[in-house]
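> Next input, structure requested:
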Amino acid sequence: MMVTAFTTIFAALLTSSSNVDAFIAKYPGTYPVKPETSNSRRFVIKDPLTETDLPDYGQTSIEIDTHVLTKKSEKWRRKDLYGQSLIDQTLEEIATNLEFQETTRRYKELGLEGMSREEKMHRRRALDSLGIPSFDNFLKSKGKEDIDGAGTVDTTIKRGEPELLQLNVGLYCNQACGHCHVESSPLRQEMMTEDVASKCLELLVNTPSIHTLDITGGAPEMNANFRYLVSMARALRPDLDIIDRCNLTVLQEPGQEDLLSFMVQNRLHVIASLPCYSAKNVDQQRGGGVFDRSVSALLALNEVGYAQPNTGLTLDLVYNPLGAFLPPPQGSLESKYKEVLAADFGIVFNSLFTMTNMPVKRFADFLHRRDELKDYMDLLVRNFNVGTLSSLMCLNTVSVDYNGKIFDCDFNQQLGNSIAGKTVFDISSLTELKKHDITNDNHCFGCTAGMGSS
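As a prediction, the model looks like this:
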């Protein structure tokens, strides 16, 4: 009660200046100065800053009904990258990469055939130490096993009708990826000539069973005959599924300003490599800044209609592991990719394919240097999946290199294992190759492990 009474008296005293003065005189002490009266309750700056002191103040439009949030995709579109080549940066990275330099030295010293023999020897030694027979004998032993009480399975690998024609149009590339099984880089100048491309088109016409033309490299778009090959194939076979194995960063190279419109005009099916949805992993495997460039390219593809409803323009992505392990389940990883790419960048795509790294070329060198080849071969053999045998690429694919040599698959192509030494100039139709056996070796364990690499 006493506190309440004192509060009431104190409030009454403060209602006039004379009462305040009398109170202070009777009870001396330090008291706050009464502020001047104001019609505003807001804090008033006595010396307000001028607009020149606040460079961004006043820039916001008063038309607030027009204010919108910027889409995340606009931040990553990075149109400033277009016309800026990646090649000089890649060459600088190559010059300081000791592992790449060692591989280049061995290539010059041994040549393709010598390096392939060396790789085969290393794989064979690894398998011998594990007590694993050759791939052929391994398949025969599996064919004799009773699988879950369902009886034996046919493990014979036999060539069928050719349905997919894969053309490696050259090894020149603006990147030098660590996992690349074709040893592509800006240093490689090998290119498919117009004569070879024209002969491939002739074979395409003469082989009606072919429903897919798969164009790869290197960066295939950087081959002088890429557009000739695509436009002629589309004109000759309007029903054809034409795949462009795109590294994405090629879209930003000088001279490729109209590549997007060319892709749309010819209804190219784009299959692009994106080994992760994080910058760290992508740049580690594919080169500095490649992730940002890839995101920008994917957004550009979305803008022109790729992976959009009712356009018929397909955009698929490919994942391959960073190191010596199998890829995660394809379905689950595709869902994760779609979730992260849409949320973080506004990117959409159709499907994701997971690929097992093949123990050949750069990846074989990587494993050998880290003393992981034996463990990786053991991993592949332990995870042999008989279910992959019916979908191996060698069953219905014909692979042609930039010189016109013919192979069962692009892995055999890089190892020099041709089909009976033939070239495109030795045949008039791809069906003539059915009589030849498929060549396999110990690297084929990669295509039969897990969900495969085809």
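
> Glu190 contacts Gly170, doesn't it?
Yes. Taking contacts as Cβ atoms under 8 Å, Glu190 lies within contact range of Gly170: 5.5 Å. Yep, even glycine has a C-beta here, placed from its N, CA and C like the rest.

> And the strands in the stretch 201-350 of the chain?
Taking DSSP state E, counting those that start in this stretch, the strands of the stretch 201-350 of the chain run over residues 212-216, 241-246, 269-273, 315-319.

> Kindly state which of those strands is positioned closest to Asn412.
strand 212-216 (14.2 Å; Cβ to Cβ).

> that older thread, spit out the residues that contact Glu190 and Gly170 alike.
Tyr402 (Cβ atoms under 8 Å, 6 or more residues apart in numbering).

> out of those two, which sits in the more crowded spot?
Regarding Glu190 and Gly170, a neighbour count based on other Cβ atoms under 10 Å identifies Gly170 as having more, with 26 against 17.

> Next one: the closest residue to the more buried one other than its chain neighbours, what pLDDT does it get?
Excluding the flanking residues, the one nearest Gly170 by Cβ to Cβ, 6 or more residues apart in numbering is Met191, at 4.0 Å. We have a pLDDT of 92 for Met191.

> and if you look at Thr52?
59.

> hey, where'd the strands end up in the stretch 51-200 of the chain?
164-168.

> which residues in it form helices?
Ranges of helices in the stretch 51-200 of the chain, per DSSP state H, counting those that start in this stretch, are 72-77, 87-96, 98-130, 135-143, 194-206.

> Arrange the ones you listed in JSON lines, one row each, with mean pLDDT as further columns.
Formatted as JSON lines, the helices of the stretch 51-200 of the chain follow (pLDDT from 0 to 100):
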{"stretch": "helix 72-77", "mean pLDDT": "66"}
{"stretch": "helix 87-96", "mean pLDDT": "83"}
{"stretch": "helix 98-130", "mean pLDDT": "79"}
{"stretch": "helix 135-143", "mean pLDDT": "90"}
{"stretch": "helix 194-206", "mean pLDDT": "97"}
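
> out of these, which comes closest to Leu326?
Of those, nearest to Leu326 by Cβ to Cβ is helix 98-130, at 16.9 Å.

> Now do the closest one against helix 87-96, angle only.
60 degrees (axes from the mean of the first three to the mean of the last three Cα atoms, to 10 degrees).

> pLDDT below threshold where in this protein?
The chain contains residues with pLDDT under 70 at 1-54, 57-58, 64-65, 67-75, 77, 112, 146-151, 178-179, 181-182, 454.

> Spatially central residue in it, please.
Nearest to the geometric centre of the chain sits Leu274, at 1.5 Å (Cα atoms, centre = their mean).

> Tell me who's in contact with it.
Residues in contact with Leu274 (Cβ under 8 Å, 6+ apart) are 248, 282, 294, 298, 317-319, 337.

> likewise Thr104?
Leu187.

> Could you measure from it over to Leu248?
From Thr104 over to Leu248 the distance is 25 Å, taken as Cβ to Cβ, to the nearest Å.

> And Arg293, by the same measure?
Distance of Arg293 to Leu248, given as Cβ to Cβ: 7 Å.

> try Phe384
To Leu248, Phe384 is 33 Å away according to Cβ to Cβ.

> Between the two, which is the more surrounded one?
Higher neighbour count among Phe384 and Leu248: Leu248, with 24 against 17, using other Cβ under 10 Å.

> thought that one was touching Leu299?
No. Applying Cβ under 8 Å, one finds Leu248 not in contact with Leu299, separated by 10.4 Å.

> Output the strands of the stretch 201-350 of the chain in JSON lines; the columns should cover mean neighbour count.
Converted to JSON lines, these look like this (neighbours: other Cβ atoms under 10 Å):
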{"stretch": "strand 212-216", "mean neighbour count": "21"}
{"stretch": "strand 241-246", "mean neighbour count": "21"}
{"stretch": "strand 269-273", "mean neighbour count": "21"}
{"stretch": "strand 315-319", "mean neighbour count": "20"}
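
> Can you add distance to Ile438 and give those back as CSV?
CSV is the format used below for these (distance: least, Cβ to Cβ, whole Å):
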stretch, distance to Ile438
strand 212-216, 18
strand 241-246, 22
strand 269-273, 24
strand 315-319, 24
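
> Tell me which of those strands sits nearest to Phe363.
It is, among the strands of the stretch 201-350 of the chain and with distance given as Cβ to Cβ, strand 269-273, at 13.7 Å.
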